[in-house]
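Asker: output the structure for:
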Amino acid sequence: MVRKISHFWLRHIHPRLITLIATLGIAGLGICLLILFIVGKLAEEVLEKEAFTFDKTFLLWLHQFANPTFDNLMLFVTQLGDPTIVTIVAGTTLAILWWQRYRLEAMVFVLTCLGGFILNTGLKLFFSKTRPQLWKQLIVETSFSFPSGHAIGSMVLYGFVAYLLATFYPKFSQIIYTLAVILIVAIGVSRLYLGVHWPTDIIAGYGVGFLWLMVCITMEQLSKKAR
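Answerer: Numbers count the residues shown, from 1 in each chain. Below you'll find the predicted structure:
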């Protein structure tokens, strides 16, 4: 029995595990596991209908800084994660990839975006958490709160676009990733400023989006190596 298990491990599991570690790196794999743990703990608390004191306290603290200038800025930033803009960016990216004959990248990109949409929709319906109503809001959202769709969508879409650009233009990879991080964080902050999400919604959204993004990037890299 032990010999059979050992043979199965060496032949089927071990090569894939080694390839995965080589692709993500030990640090990357550790980060993914940590994020998975955090998202799992948040999800557990939401399922148990536990309230996060930190959520309300942070939103009320952030609302102290509200003013017309920030209102306009945050309304603009949050639109960068709205379905209309996301669809335009995704469609343009896909068209360019297909036109430049990056077929593999285009297919993985479609899978990445589609998976992000399914995760967002499915998880919102599963947890059915209500949105905050702490002050008169500038925008109205009717869907559930947990996790944040803007956080998942921005992480998946802009994260994968940044990965593609960094791959095509490695000399500018640091600048590309920095700008992507700023944009993704700004979209999350805008949702908090506008009072349509709890901080834990944003954290969970980033976590889910990042994990799915890593799965898709790993899949794309492994597919390239298998060619």
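Asker: the residue lying closest to F117 once chain neighbours are set aside: what secondary structure?
Answerer: The shortest distance from F117 to any residue other than its chain neighbours is 7.7 Å, reached at G153 (CB to CB, 6 or more residues apart in numbering). Any C-beta I mention is one placed from the backbone N, CA and C, and that applies to glycine too. Here G153 is helix, with the state taken from DSSP: H, G, I helix; E, B strand; the rest coil.
Asker: just give me the neighbour total for G153.
Answerer: Per other CB atoms under 10 Å, the neighbour tally for G153 reads 27.
Asker: low-confidence regions, the chain specifically.
Answerer: The chain contains residues with pLDDT under 70 at 1-26, 51, 226-227.
Asker: check contacts around L36.
Answerer: Counting by CB atoms under 8 Å, 6 or more residues apart in numbering, L36 makes contact with 207, 211.
Asker: assign it to helix, strand or coil.
Answerer: Applying three-state DSSP: L36 is helix.
Asker: G81 now?
Answerer: Three-state call for G81 (three-state DSSP): coil.
Asker: need the contact list for it.
Answerer: G81 is in contact with 149-151, 153-154, 187, 190-191, counting by CB under 8 Å, 6+ apart.
Asker: any idea how far it lies from G159?
Answerer: To G159, G81 is 12 Å away according to CB to CB, to the nearest Å.
Asker: list the contacts of the residue nearest to F117.
Answerer: Going by CB under 8 Å, 6+ apart, G153 touches 81, 86, 116-117, 120, 209.
Asker: let's see that with 6 Å instead.
Answerer: 81, 86, 116 (CB atoms under 6 Å, 6 or more residues apart in numbering).
Asker: same deal with G195?
Answerer: With CB under 6 Å, 6+ apart, G195 has these contacts: 132, 134-135, 137.
Asker: export stretch 42-50 to PDB, keeping only CA atoms.
Answerer: C-alpha atoms of stretch 42-50 as PDB (Å, rounded to 0.1, in the frame of the first residue of the first chain):
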ATOM      1  CA  LEU A  42     -13.600  36.300   7.000                       C
ATOM      2  CA  ALA A  43     -16.000  34.000   5.200                       C
ATOM      3  CA  GLU A  44     -16.600  32.000   8.300                       C
ATOM      4  CA  GLU A  45     -17.500  35.100  10.300                       C
ATOM      5  CA  VAL A  46     -19.800  36.300   7.600                       C
ATOM      6  CA  LEU A  47     -21.600  32.900   7.500                       C
ATOM      7  CA  GLU A  48     -22.000  33.100  11.300                       C
ATOM      8  CA  LYS A  49     -23.500  36.600  10.900                       C
ATOM      9  CA  GLU A  50     -20.800  38.000  13.100                       C
END
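Asker: how far is that stretch from where the chain is centred?
Answerer: Mean-position distance between stretch 42-50 and its chain equals 20 Å (CA atoms, centre = their mean, to the nearest Å).
Asker: and what of stretch 45-57?
Answerer: For stretch 45-57, the distance to the chain centre is 21 Å (CA atoms, centre = their mean).
Asker: next one: stretch 103-120
Answerer: 12 Å.
Asker: on that earlier part again, which of the contacts of G153 sits closest to E45?
Answerer: Using CB to CB, G116 comes nearest to E45 of the contacts of G153, at 23.2 Å.
Asker: and stretch 62-76, how far apart are its ends?
Answerer: Stretch 62-76 stretches 18 Å from its first residue to its last (CA to CA, to the nearest Å).
Asker: great, nothing more from me.
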